[in-house]
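Novice: Give the three-dimensional model of this entry:
(one chain, ligands or ions: 1)
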Amino acid sequence: MALGFSLSVQGMESNLVVKHLANEQNIVVLDSVKKFLLLPVQDDAPEGKVNIVVNNEGQLAQSMNIRLARERVDSYVPLDLSAYVNQKVSIDIAGMPSSSLCWKELKMSDSFDMTNKEMFRPVYHHTPVYGWMNDPNGMFYKDGVYHLYFQYNPYGSVWGNMHWGHSTSTDLMHWNFEGCAIVPDAWGAIFSGSCVVDHNNTAGFGKGAVVAFYTSAKATPWGDVQSQSMAYSLDNGKTFTKYEGNPILTSSEKDFRDPKIFWYAPGKHWVMMLAVGQHMEIYSSVNLKEWKKESEFGAMQGAHGGVWECPDLVEIPVEGTREKKWVLICNLNPGGPFGGSAAQYFVGSFDGKKFVNESPTQTKWMDWGKDNYATVTWNNAPDGRCIALGWMSNWQYANNVPTRQYRSANTLARDLTLYREGQELYLKSTPSVEVKKARGKKVSIPSFKVSEKHEMVNLFEEKQGAYEVEIVIQNTGASKIAFCLLNDKGEKVSMYYDLNRKQFVMDRSESGTVDFSKDFPAVTVAPANVDKELTLRLFVDRSSIEAFGEDGKFVMTNLVFPSQPYVKMCFEADKNGYAVKSLNVYKLQ
Ligand code: FRU
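Specialist: Residues are numbered from 1 along each chain as shown. As a prediction, the model looks like this:
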């Protein structure tokens, strides 16, 4: 029985009627369908269940959870109805009171406005044009194009409805949004995973097919079920067909996910790395469909403050030698050095079946900030490069950062190499060469000395807030080399080298808006074994700062939300002082 009232919106060609039924159930009846139904969402509202029903026979075509606006509209998301244009369509929406604001704001439209509405949206980092993003997924390079898939919610700017979104780039700096590549199905949501290019047609989908592996995840009354599935693409990763034999790998483990697949040439077989609880499992296969478990890695190794996720295993050259070592990347959440999510790594050997960590006593972190997670590398990267990309956020507050149209960006692409310090091998993360190629207008500030008093430097006349600062400092005996980025409102990010402790420190507690989470204001510390002359590249992109010391021997990635861009730098020293030998500011776009 229909209760409450009906609302009908008459358009030129569309007719939209909302019927409110009992128990917070509602039906939106669409008489003639346009391309999109625009849905108003409110990020902190409870989820409602939205079902697309075709042909009035109760046939369920699609189902998702959407936080429709109850008392405030944060942004709009499009429900793509183009597949149903000539059919009769109803949208069944459960769990939404009839008094909600959304009923007045529903709109049918032939277009969806994707122009940027956000002051915090980075200029030269990848972001989804709208909606929520977390982990980078399925990265592969083919025919001059870098493909980046990502954990994506196209129905809101908080986590949920996991799809694989897709973007492409030819220079790792400028990205085109390609829409959704893999959508949820009966096996579950589409969690993280990887793609390979099957050059030799080992799976039988076709020579050069792109094969995607992901975790099918669903919450059931008898617990979370995670299994591995695959899909293949015969049009270079644009569209995927799900494999009919899915799921290909199941388990009763609750956390069983994030398959990373790569070709192990010496053994002529494929390898799958899987994150399972707090260890990694290694599988092998010759046809990508049948997998054999070979070994486990993780007991008594590294940090175990949380669940291990998003593994990777890559062979990386050791600088200055002909040697290569295998590096196992292990993201964990929580348990990072400054709370929440972080990426650790292990350096060792791998024989196609088993990974052996060569220095089990030390925990090694890829990044010393709070905002580099789910880092994985590109398969098939050109010229033997190993290029990594992370999700620039932290599960402690990712859903609460002050943006609305979209949430989250990726880090800059980073080329990984190994370097030796004493007995140990460490990862070096250098901004990929493409970053230098994208440098625009340069402002060079003449060298100057800093001792005891402040020096203030204006960085740019333009107030874009998207630039790189490259600093070379000559230490003349100072034990502390301090500087900060600041804006006209006095909001600042303070940084300093502590030469006695051999550390680089960044403090974002006065960086702008910090009160959306108690875990956001933070001081992060990196080991910095620097000499008399030190170099630092700081990448500022409206709402993020990435500091690369000594060409990437340490990296620190931190989000910031200033009410105006940082346009000045301030330098401070103790009485022994230091000299800023060169200070170049490059515009990046
Ligand atoms: C890591 C992660 C993965 C999972 C995905 C779900 O951030 O938890 O382990 O596949 O996010 O979105």
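
Novice: Now the residue nearest to the spatial centre of the chain. Nearest residue, chain neighbours left out?
Specialist: By Cα atoms, centre = their mean, the chain has its centre lying nearest to Trp391, at 2.5 Å. Of all residues not flanking Trp391 in the chain, Ala374 sits nearest, at 4.5 Å (Cβ to Cβ, 6 or more residues apart in numbering). Where C-beta positions appear, they are placed from N, C-alpha and C, glycine not excepted.

Novice: again with Asp519
Specialist: Spatial nearest neighbour of Asp519, chain neighbours left out: Gln396 (4.1 Å); criterion: Cβ to Cβ, 6+ apart.

Novice: Verify the contact between that neighbour and Gly339 for me.
Specialist: Yes - using Cβ atoms under 8 Å, Gln396 is in contact with Gly339, at 6.1 Å.

Novice: Comparing the two, which shows the higher neighbour count?
Specialist: Each of Gln396 and Gly339 has its neighbours counted (other Cβ atoms under 10 Å); Gln396 has more, 21 against 15.

Novice: Count the neighbours of the residue lying closest to Lys437 once chain neighbours are set aside for me.
Specialist: Excluding the flanking residues, the one nearest Lys437 by Cβ to Cβ, 6+ apart is Asp171, at 6.9 Å. When neighbours are counted by other Cβ under 10 Å, Asp171 registers 14.

Novice: residues in contact with Asp171?
Specialist: Residues in contact with Asp171 (Cβ atoms under 8 Å, 6 or more residues apart in numbering) are 434, 437-438.

Novice: for Asp371, same thing?
Specialist: With contacts defined as Cβ under 8 Å, 6+ apart, the neighbours of Asp371 are 392-394, 411, 544, 557-559.

Novice: And Gly160, by the same measure?
Specialist: Counting by Cβ under 8 Å, 6+ apart, Gly160 has contacts 47, 65, 67, 132, 153.

Novice: roughly how far apart are the residue lying closest to the second one once chain neighbours are set aside and Ala343?
Specialist: If I follow you right, that is Asn65. Leaving out its chain neighbours, the residue that sits closest to Asn65 by Cβ to Cβ, 6+ apart is Glu47, at 4.1 Å. Separation of Glu47 from Ala343 (Cβ to Cβ, to the nearest Å) stands at 30 Å.

Novice: the more surrounded of the two?
Specialist: For Glu47 versus Ala343, neighbours defined as other Cβ under 10 Å are more numerous around Ala343 (26 against 17).

Novice: what are the bridge partners for the more buried one, then?
Specialist: Going by DSSP bridges, Ala343 is paired in beta bridges with Asn331.

Novice: With Lys218 instead?
Specialist: For Lys218, the beta-bridge partners are Val225 (DSSP bridges).

Novice: same question, Pro317
Specialist: Pro317 has these beta-bridge partners by DSSP bridges: Lys324.

Novice: what sits against it?
Specialist: For Pro317, the contact set (Cβ under 8 Å, 6+ apart) comprises 323-324, 417-418.

Novice: neighbours around the residue nearest to Arg72 when sequence neighbours are not counted, how many?
Specialist: Closest residue to Arg72 apart from its sequence neighbours, by Cβ to Cβ, 6+ apart: Gln42 at 5.3 Å. A count of nearby residues for Gln42, using other Cβ under 10 Å, gives 20.

Novice: overlap in contacts of Gln396 and Gly339?
Specialist: Residues touching both Gln396 and Gly339 (Cβ under 8 Å, 6+ apart): 370, 519.

Novice: got the buried residues for stretch 428-441?
Specialist: Neighbour-count burial for stretch 428-441 flags 428-432, 434-435, 438 (criterion: 16 or more other Cβ atoms under 10 Å).

Novice: Show me where this protein has its helices.
Specialist: In the chain, the helices defined using DSSP state H lie at 102-105, 433-437.

Novice: pLDDT averaged over the first one, what's the number?
Specialist: Just to be clear, that refers to helix 102-105. The pLDDT scores in helix 102-105 average 95.

Novice: who touches the nearest residue to Asn458 once chain neighbours are set aside in this structure?
Specialist: Distances taken as Cβ to Cβ, 6+ apart place Lys568 nearest to Asn458, at 5.5 Å, with adjacent residues excluded. Lys568 makes contact with 456-459, 485-487 under the criterion Cβ under 8 Å, 6+ apart.

Novice: Show me just the buried residues among the residues you listed.
Specialist: 457, 459, 485-487.

Novice: Among these, find me the one that's closest to Arg72.
Specialist: For those, the closest approach to Arg72 (Cβ to Cβ) belongs to Asn487, at 28.2 Å.

Novice: ok, Ala303 touching Thr363?
Specialist: Yes - in this structure Ala303 lies within contact range of Thr363 using Cβ under 8 Å: 4.9 Å.
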